[in-house]
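Peer 1: Prediction below, plus the sequence it came from.
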Amino acid sequence: MIKYLKLACFLLVAGYLFASCNTAGEPNPLSQIPSDATFVAEINGKAFLSKSGLNNPDDYKFMNMGRLIGGEQFAFVEALCKGSKDAGVSADNILICLTSPKEISAYAKVLDVNALEGWLKKLGLEEPVRGDGYKGCINKEGICMAWNEKQLIVSAKPVPSGQIAELFSEKKDGLLAVNEDFKKFAERKADMRSWLKYSLFSDLYKAFSGDVLSPLTEQMKDVGNLSVHGYLDFNDGKIVASGSINPPSEVAKYVEKYPLAKEAFNTELYGDLPEKAYLQFNVAINVIEYFKLFRQTLELNLQKYNGDESANSEEMKKFLDGPELKSVLDALDGDILFSIHGFKQSNIPMPEMTLVFSVKGESAFNDILALIPKDQIVKSPDGYYVYDNPGMSELSLSLSFAFKNNRVIVSNDLESTAMFVGKKKGKTFADNPVSATIGNRPAGFCINLDLNSYPDNFKLFLRNFIKGGSYDIFASIIDIYDKAYAMGRIADFEAVLQFKNPNVNSLKQIFKSVDKISSGKPSSWNQ
């Protein structure tokens, strides 16, 4: 156990670093990141500790377990949380930088070099080598640790002892110096933020599979400079994640060739579903463009496994070029909205599901009806159709269809279909505040996490499915959350995890929940 605690302390020392500010005379880790880095992740440790309440570790009962089994080693963790010089280093920020999947570096601001050396000695490191204004050592795993009175640097990248001093120098050709995209990323502050290049994925694939890239991935090699910016903030009552995809100019040809998403989602569809949504997602796509990309991917795989002249390839090409498929694709307009908005009362709660999608004219709806045997579909007096299959009815899966204003509804809930055709009144998803938040962005998602709002048969089903005390733990963990939703466009996205209590920081609520569970106290609704 002590062995693992020492390792944990070592990793904490390696991870915590000083904030990337421009204080005179202080080293700036962002300026030390080499230009070939493919991934940078940074945590504002000071904000993390303050928002979580871990800067007052006595407030948490689970910290007593650390004191009990960690002994003297755990004193470092407490000093780090409190921001004490006794830890030797600052917990202002956490940084991880990758130049390859196996080459990782981290930086830290030194508060007290003597205290730091005391902790490093307790980790069992060899006597350090002294250089010009620094000390350093390389352990048997090849990890280099170097420090001076201002900074600690830990690197898993092979560093010859004669080059340790270079770790402390600013890189004139580093990311912050020459990469405009990285400069833009560094300007925005967040509790947690990350920057990565597309080439990281191919590097990881090659490093861990040893295989060559697939034909499609090889075609995408020109997007190697594409980057993704990600930001995470812990606010009162919610966690907000956001980000953007930033393609280089040479990638524009792919966007032009495959304009997969529509500019906006048709928000009129929100008025076609019930207000309550246990699960909902919407998307607005260019159907023909998606089909083009799907077809190219399919043909590449057919060529790879069957050859150009195989019977399977010829048959597939004939189908892809056929008038039946073209008729279907031409009829679809690309706006799709799906919702689970209720549960039928039965031993196994069957979800009430509705799908609404846009089409180009009523003939498209008639083509859908033509796919169903005439003896299994009945038109109701209210103008919608019911798929009357006895086998499905026994499972409460009878489907209803209707057409209105170039939109088609398919549902196993007759009341939703009746509301769609105007024969029943009621609030719709357009009245749900989440719909206004998602707006007309071409992709959106929402899930209800409040178990109290679910019907009793669903909660009973979960209790029977999650056996024993595991259900109580699950219910206690999820008890603090209200809902989660996300939305995005081609180049940006945002996701929100919303808590029931809007007045307490989300991170503190998580740690307080962990503390309650670890002390054996279930959440209030489950008592």
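Peer 2: Cool, got the structure. Numbering: from 1, shown residues only.

Peer 1: Can you name every helix or strand that the longest strand along the chain contacts?
Peer 2: Assignment by DSSP state E gives strand 332-344 as the longest strand of the chain. Helices and strands in packing contact with strand 332-344 are listed as strand 279-284, helix 287-305, strand 350-359; criterion 3 or more Cβ pairs under 8 Å, 6 or more residues apart in numbering; DSSP states H and E. All C-beta spots, glycine's among them, are computed from the backbone N, C-alpha and C.

Peer 1: how does it look with 7 Å?
Peer 2: Here strand 332-344 is seen to pack against strand 279-284, strand 350-359 when contacts are counted using 3 or more Cβ pairs under 7 Å, 6 or more residues apart in numbering; DSSP states H and E.

Peer 1: Output those strands in CSV, with distance to Lys82, mean pLDDT and mean neighbour count appended to each entry.
Peer 2: Below are the helices and strands packed on strand 332-344 laid out as CSV (distance: least, Cβ to Cβ, whole Å; pLDDT from 0 to 100; neighbours: other Cβ atoms under 10 Å):
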stretch, distance to Lys82, mean pLDDT, mean neighbour count
strand 279-284, 43, 95, 21
strand 350-359, 49, 93, 20
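
Peer 1: what's the closest of the ones you listed to Gly322?
Peer 2: If you check each of the helices and strands packed on strand 332-344 against Gly322 by Cβ to Cβ, strand 350-359 wins as the nearest, at 19.8 Å.

Peer 1: What pairs with that closest one, parallel or antiparallel?
Peer 2: Strand 350-359 has the following strand partners under DSSP bridges: strand 332-344 (antiparallel), strand 407-411 (antiparallel).

Peer 1: Can you dump the C-alpha atoms of the first one in PDB for me?
Peer 2: By that I understand strand 332-344. In PDB, the C-alpha atoms belonging to strand 332-344 read as follows (Å, rounded to 0.1, in the frame of the first residue of the first chain):
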ATOM      1  CA  LEU A 332     -36.000  13.400 -47.100                       C
ATOM      2  CA  ASP A 333     -35.400  17.000 -46.100                       C
ATOM      3  CA  GLY A 334     -32.900  16.200 -43.300                       C
ATOM      4  CA  ASP A 335     -34.500  17.600 -40.000                       C
ATOM      5  CA  ILE A 336     -35.000  14.800 -37.500                       C
ATOM      6  CA  LEU A 337     -36.300  15.000 -33.900                       C
ATOM      7  CA  PHE A 338     -36.700  12.000 -31.600                       C
ATOM      8  CA  SER A 339     -38.000  11.900 -28.100                       C
ATOM      9  CA  ILE A 340     -38.800   9.500 -25.300                       C
ATOM     10  CA  HIS A 341     -41.500  11.400 -23.300                       C
ATOM     11  CA  GLY A 342     -43.300   8.800 -21.200                       C
ATOM     12  CA  PHE A 343     -43.500   5.100 -20.000                       C
ATOM     13  CA  LYS A 344     -46.400   2.800 -20.400                       C
END
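
Peer 1: buried residues in that strand?
Peer 2: Going by neighbour count (16 or more other Cβ atoms under 10 Å), the buried part of strand 332-344 is Leu332, Asp333, Gly334, Asp335, Ile336, Leu337, Phe338, Ser339, Ile340, His341, Gly342, Phe343.

Peer 1: ok, Glu149 - contacts?
Peer 2: With contacts taken as Cβ atoms under 7 Å, 6 or more residues apart in numbering, Glu149 has the following neighbours: Val110, Val113.

Peer 1: switch to 6 Å and redo it
Peer 2: Glu149 makes contact with Val113, according to Cβ atoms under 6 Å, 6 or more residues apart in numbering.

Peer 1: I'd guess Val77 is in a helix, am I close?
Peer 2: Yes: Val77 sits within a helix when classified using DSSP: H, G, I helix; E, B strand; the rest coil.

Peer 1: ok, it - how many residues close by?
Peer 2: Counted with other Cβ atoms under 10 Å, residues neighbouring Val77 total 21.

Peer 1: how close does it sit to Lys85?
Peer 2: According to Cβ to Cβ, to the nearest Å, Val77 stands 15 Å off from Lys85.

Peer 1: Repeat that for Ser100.
Peer 2: In this structure, Ser100 and Lys85 are separated by 35 Å, where distance is defined by Cβ to Cβ.

Peer 1: element containing Phe474, please.
Peer 2: Phe474 is part of helix 470-478 when elements are defined by DSSP states H and E.

Peer 1: On the three-state scheme, the closest residue to Gly45 other than its chain neighbours is what?
Peer 2: The shortest distance from Gly45 to any non-neighbouring residue, by Cβ to Cβ, 6 or more residues apart in numbering, is to Ala91 (4.2 Å). Under the three-state scheme (three-state DSSP), the conformation of Ala91 reads as coil.

Peer 1: What count of nearby residues applies to Ala91?
Peer 2: For Ala91, using other Cβ under 10 Å, the count is 29.

Peer 1: pretty sure it contacts Ala47?
Peer 2: No: under the criterion of Cβ atoms under 6 Å, Ala91 is not in contact with Ala47, lying 10.4 Å apart.

Peer 1: distance between the ends of stretch 465-485?
Peer 2: Counting by Cα to Cα, to the nearest Å, the length from the leading to the trailing residue of stretch 465-485 is 26 Å.

Peer 1: Please pull out the lowest mean pLDDT helix or strand from this protein.
Peer 2: strand 16-17 (a mean of 36; mean pLDDT, DSSP states H and E).

Peer 1: Am I right that Gly118 is in a helix?
Peer 2: Yes: inclusion of Gly118 in a helix is indicated when three-state DSSP is applied.

Peer 1: how about Val154, phi and psi?
Peer 2: phi -120, psi 130 (degrees, to the nearest 10).

Peer 1: what are the ranges of the strands in the stretch 51-200 of the chain?
Peer 2: According to DSSP state E, counting those that start in this stretch, the stretch 51-200 of the chain carries its strands in the segments 93-100, 103-109, 129-130, 135-138, 144-147, 151-155, 192-197.
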